[in-house]
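Student: Please find the sequence and the predicted model below.
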2 protein chains.
Amino acid sequence: MHRTRVYAVLIDTPEAQAAEAASFWSAALGAAARVDKREPQFTVLPDALPGLVTVVQSVDDAPRFHIDIETDDVRAETARLLALGATEVSDWLECRTLRAPGGHLLCVVPVHSDPDYFAAHAHTWP
Amino acid sequence: MHRTRVYAVLIDTPEAQAAEAASFWSAALGAAARVDKREPQFTVLPDALPGLVTVVQSVDDAPRFHIDIETDDVRAETARLLALGATEVSDWLECRTLRAPGGHLLCVVPVHSDPDYFAAHAHTWP
């Protein structure tokens, strides 16, 4: 048995335009922007979307979005999603990146939310 | 003065893979899928994301996501986003499709939510 919750929506943006994109999304969605000093590729827009962390990420790739799913068992959730038809793309630190049928990316990450918030909002899988 | 709210996240998927993608995201996010009979290109996943409508849309394009912003003044919101650096892509029915700095798509649409819910959760712009 493990639990999951959609944690974040990431607006992945080519590096040359990432700063401009972060300013745009901050103003468009009415959410203050905060750059993570330890990980400056991430600009976080708290409260841009209800109950989700919204991030503009600078990437060396075409514009895309991806979703982060947080879980108390990364291995089990990855296996569940692979059984549903996803394919493995990469491992990066504790993040398992998968490609969904249809071509979109999603990442499986350890729980980032407050544990009580996670427990209150997570799905439980057998 | 006008008001806006992020209404929907759309998982735009190449037509040949749209049905498989809808099944995947429904199972992955633990949300029942409902095809809109009047607009069968849309598979709605109610409750997949908190406070947002999640939709798998069949498109004649590469995999992408986009965000729908609902507003009580489509013209004013479109003008606001263009002034922030977005560019116009197309008009389709009442939807104005824009491209954000960085390359992502977003649509400006009339209010779709319950009016009281919209009023309680919308941003107001001068």
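Tutor: Looks like it arrived, so ask away. Numbers count the residues shown, from 1 in each chain, chains lettered A, B, ... in the order given.
Student: Return whichever strand or helix holds A:L45 as PDB; C-alpha atoms alone will do.
Tutor: Under the criterion of DSSP states H and E, A:L45 resides in strand A:42-49. C-alpha atoms of strand A:42-49 as PDB (Å, rounded to 0.1, in the frame of the first residue of the first chain):
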ATOM      1  CA  PHE A  42      13.500  26.900 -10.400                       C
ATOM      2  CA  THR A  43      11.300  30.000 -10.000                       C
ATOM      3  CA  VAL A  44       8.400  29.100  -7.600                       C
ATOM      4  CA  LEU A  45       5.100  30.900  -7.900                       C
ATOM      5  CA  PRO A  46       3.300  30.100  -4.600                       C
ATOM      6  CA  ASP A  47      -0.500  30.200  -4.700                       C
ATOM      7  CA  ALA A  48      -0.600  30.400  -8.500                       C
ATOM      8  CA  LEU A  49      -2.700  27.300  -8.600                       C
END
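Student: Sheet-wise, list the partners of the very next helix or strand once past it with their directions.
Tutor: Using DSSP H and E, the next helix or strand after strand A:42-49 towards the C-terminus is strand A:52-59. Using DSSP bridges, strand A:52-59 pairs in its sheet with strand A:2-14 (parallel), strand A:42-49 (antiparallel).
Student: which stretch among these comes nearest A:A28?
Tutor: strand A:42-49 (8.9 Å; Cβ to Cβ). Every residue, glycine included, has its C-beta placed from N, CA and C.
Student: Tell me how far the closest one lies from the chain's centre.
Tutor: 11 Å (Cα atoms, centre = their mean, to the nearest Å).
Student: Cool, thanks, signing off.
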